Structures are given as structure tokens and as C-alpha cells.
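A.B. asks: okay, predicted coordinates and the sequence, questions at the end:
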Amino acid sequence: MSPKTRSNRRDFVKKSAAVAAGFTILPSYLVSGARAQDGKLPPSKRINLAVIGVGGRAARVVPEICAGGKAHPVAFCDVDFSAKRVADNLKTYPGVRQFKDFRVMLEEMDKDIDAVSVVTPDHTHFPAAILAMSMGKHVYVEKPLTHSYREADMLMRAEKRFNVVTQMGNQGHTSGASAQFQRMVEHGVVRDITKVEAWKSANMFFMDAAGRFSAYPKEEKTPEALDWDLWCGPAEKKPFSARYHPFDWRAFWLYGNGMLGDWGAHIIDFVHESLQLGQPTRITPLRIDDHNDVLFPLSSHLRMQFPRRGEHPPLELTWRDGADCLPQIPEQFHEKQPDGSLEAPKLGGAGTVLYRADGKFAVTRGSHSGRSHVIPGDQAEEHAQALEVENPPLGHAPSFTAACMDEGKTRSPFRIGGDLTKTLMLGVICQHLNEELHFDRETERFVGNDRANALLDGPPPRAGWEQFYKMGG
């Protein structure tokens, strides 16, 4: 452990104890400066899981991690045990110890915890994840991995530093569709891709013009069961409103990442990893409807340009969410009907179209675990072998549990999920500023734009949360 790390942890003890409201128990490893575990578990039959965020998506994630009895919860942590779907996990796993503050939970139950799931609003992913990782716990974190570019970078470095198993919760990345896409790359079906169009239809309140607003909601009475200060975590603490909790926080720049951050991880994930996209060098807003400083746009269309990457040619990716999001497929990729007419491919509410440089055919895909298709269909027969792949034996969450037991690897560890999150965060910054941005892939900074670079780093954390941002090394 470096002197800098020991110093950071000593500072954490001094400063957090002084300013963190209601937080009086500090993790023992921070006091001693010694790491709790080496991140490698001895052979065992079950993983002891600590759950941070018990309701919402966790009502599905936790049972999936614990499928087949390979893991079981030993601690539940939530700032509001009365929130939606919390009761699902409480009923399924009765008698599990309950906490409101994840710091207290990790301190008191350190030796009883092998792995941690983090299924909370985006702005609180980072502190929970990095604290657990630094204590030698394996971590599963819902997508997008973090709320800022800097946080994603720090978790990627922490993954290497602490040598723990990690998984970001973009479920389709561990599916037959993911294996199929990689096979298509290997067989040359997905090759020399120069253009990608990605889209997502509107399905949240901020994408309905009638429900939008441009000022923060007025203060409402805080529910008795909710610890609002802990819910806000490192982010600015606005007066409580039911517009934030328990669900609609995704709509706000302050706490979420909008449609691109939410669904981008399910839509462009295969393309991003398999074509080694890394980060774009230019991001251009094509359409930003009802731009304001409180909510994400009503509709958002962006263009990202990626340079040549080894054998991969330069690529242009267009993202559209909201109005007019469906791409117009050129007629050469339409399906010829018996009467000689052409019929355009049927597109769902989310997906991608990939265009090859030679124009022989294109590839379409939906989202999550949706499989890819070659268009027009008469080209698919020629590539049938590359399109047929079986589902993997373990799904996304069970593969995390297996990896914690040293029985395989995860498909979306932070080195992959974090890199994708970085791209999503660059798009979010473009949406926020509504101006063209130029990004230097080497320095990982915007060129000549201080406002954009400040958004890369994210807002300064609130008092009591600063030291989490010094633990990334």
C-alpha cells in the first residue's frame, strides 16, 4: 500500500468523522490503514452478499445473484425500507440484518461479507462501490456504472488495484446475443463498420412535453421512513420531492444520466466492446429539444465520431432518443416482396443499425439480449453459421456469483463496463452543454473547453464524502 493511500485513509477518518451527519462508525481498515482482504475467496459453497439498494431493480438483481443458492444475503442496506419492491426481497430473505448507511453496514459486518451489490440511483454508485472494493469485496453495480467520467475511470483503476471481481449490470452483455455478435465479428459479418445508428423511443416522464418543467421541484414533506440526507449522498442536497424518489431521479442532471445513460448501456454495448470504440474525438448535438439546466432534453440527437482503431476504420455513431428517433433505412437494405415492392425492416423502440463500408448488407439489433439480423434477409442465409450461437450456461448475475467463487469470469467487468460508461458520460456532457465538443483520447480531456472538463470531473462532493474521491489512487 502506497504512503499516499495510507494518508488518504487517515484523512478520511479525521474528516468524515467530523462532518458526516449521523455517521460515527468508521471502517476499521481505514483506522488501521490495512486492507481487510486480498479479494480472493477460499473455496466455498455460498457467497455472503451485502445488498446496497433493496427495492426497485434490486428486487430482480438480488434473486438472480443468489440463484440456485450459490449466494445469500447477509445484510440489507436501504435509505427507505418502505420504497417500492423493497418488500419483495424482505419476504424472500427474512431475518437479514438491515442498515440505512452502507458505511456502517460494511464496518459492522466486514468479516461476514464476500460480495456487494449496488443497485441505487446513479449518483451514489461510486462511493458505495469503491469503499466495498477497497475492503476486498467483489462488487456488482447497476448500469451506468457511475454518474461521471471521472468516477468511471477511478473504478476501472480500482478494479486493477484491489483485484476483485466486478460486473456492471448491463444484462445483455452476458447472453447468446453477445456471443453471437462476437462470432459475427470473428467471421467477418460485422467488419469494416463505418456507420452506426442507435435509437431509443420515449418512455419516461421528462420525454413528454406536457410533464416537463425547468425549475427544481418545490419542497414536500419527507417520508418518515426515508433518510433524505443519505439518499443525496455526495450530490447536492435539494429539498425533498417525490419527483426524485423513488424513481424519477433519472430525469435530473443532478442525480441521473437520462435516456442515453440508462438505455445506452443496453443498446451500444456490443458495438462498443467488439469494435473497440473507446472514446469519440468529436461529439455534435444534432437536435436538443427543450434544453434546460434541470431536466434532460425532451428529445436528443447526437453524432459521435470515432477515429481509426487498428484494423477498424473510422466510425460515425448517431444516437437519437425521443421524437423522430427511428433511422431511415436505405432502400438497398429493404426486403423485396413477391409483387416486386420493397418493404423497410421493422424497427422496435430501441436498437442499432450497423453499416459496412462495402454496402453489401447491414446488421440490425434491438437491445438487452436481442439478437442481430442481417438485412436484407437473402444475405442472412450466406452467413447462417455466424448467426447461430447457443446461450451461455450462466446469465449475467449468476456469472458474477460464479466468478466470485473463482469459477469463470464476468463479461462486463469494470474495464469493459467502465469504458462504455465513459462514452455515455461524454454524450451526456454534450447534451448538457448543447454544443460541439472535441475530445483528446490521449489526455482524456476536452480541447479548449473548461466547462466541459469540469463536467468530466463531476461536481465537488458534499462535505463528508470527499475522501471517497481520494481512494481511487
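C.D. replies: Cool, the structure landed. Numbers count the residues shown, from 1 in each chain.

A.B. asks: switch to C-alpha atoms for all contacts and neighbour counts from now on
C.D. replies: Will do.

A.B. asks: can you list the neighbours in contact with the helix or strand harbouring Ala179?
C.D. replies: Here Ala179, judged by DSSP states H and E, is contained in helix 176-186. Contacting residues not belonging to helix 176-186 are listed as 172, 190-191, 270, 274, 369-372, 386-392 [Cα atoms under 8 Å, 6 or more residues apart in numbering].

A.B. asks: and the furthest pair within those?
C.D. replies: Arg191 and Pro392 (23.8 Å; Cα to Cα).

A.B. asks: these two - which one has more neighbours?
C.D. replies: Arg191 (19 against 14; other Cα atoms under 10 Å).

A.B. asks: from Lys84, how far off is that one?
C.D. replies: Arg191 sits 45 Å away from Lys84, going by Cα to Cα, to the nearest Å.

A.B. asks: got it, and Ser412?
C.D. replies: Distance from Ser412 to Lys84, by Cα to Cα: 28 Å.

A.B. asks: which one's more surrounded, those two?
C.D. replies: Ser412 (24 against 15).

A.B. asks: what helix or strand is that one located in?
C.D. replies: With DSSP H and E as criterion, Ser412 is part of no helix or strand.

A.B. asks: return the backbone torsion pair for it.
C.D. replies: Backbone dihedrals for Ser412, given as degrees, to the nearest 10, come out at phi -130, psi 60.

A.B. asks: so who does it touch?
C.D. replies: 166-170, 173-174.

A.B. asks: and it, what pLDDT?
C.D. replies: In this model, Ser412 is scored at 98, pLDDT.

A.B. asks: which parts of the stretch 201-350 of the chain are helices?
C.D. replies: 228-232, 258-267, 269-274 (DSSP state H, counting those that start in this stretch).

A.B. asks: for Ala210, give its distance to Leu298.
C.D. replies: 10 Å.

A.B. asks: tell me which of those two has more neighbours.
C.D. replies: Neighbour totals were compared for Ala210 and Leu298, and Leu298 leads with 22 against 8 (other Cα under 10 Å).

A.B. asks: hmm, that one is touching Gly322, no?
C.D. replies: Yes: because the distance of 6.7 Å satisfies Cα atoms under 8 Å, Leu298 is recorded as touching Gly322.

A.B. asks: can you list the strands that whichever strand or helix holds Gly351 pairs with?
C.D. replies: Under the criterion of DSSP H and E, Gly351 resides in strand 350-356. Within its sheet, strand 350-356 is paired with strand 193-200 (antiparallel), strand 362-365 (antiparallel), according to DSSP bridges.

A.B. asks: distance from the first one to the middle of the chain?
C.D. replies: Right, strand 193-200. 20 Å (Cα atoms, centre = their mean, to the nearest Å).

A.B. asks: how does the chain divide into domains?
C.D. replies: When the chain is parsed with automatic domain parsing, its domains come out as 3-173+396-413+462-470, 176-387.

A.B. asks: residues near Glu442, how many?
C.D. replies: Neighbour tally, Glu442, other Cα under 10 Å: 7.

A.B. asks: give me the buried positions along stretch 62-75.
C.D. replies: 62-66, 70-75 (16 or more other Cα atoms under 10 Å).
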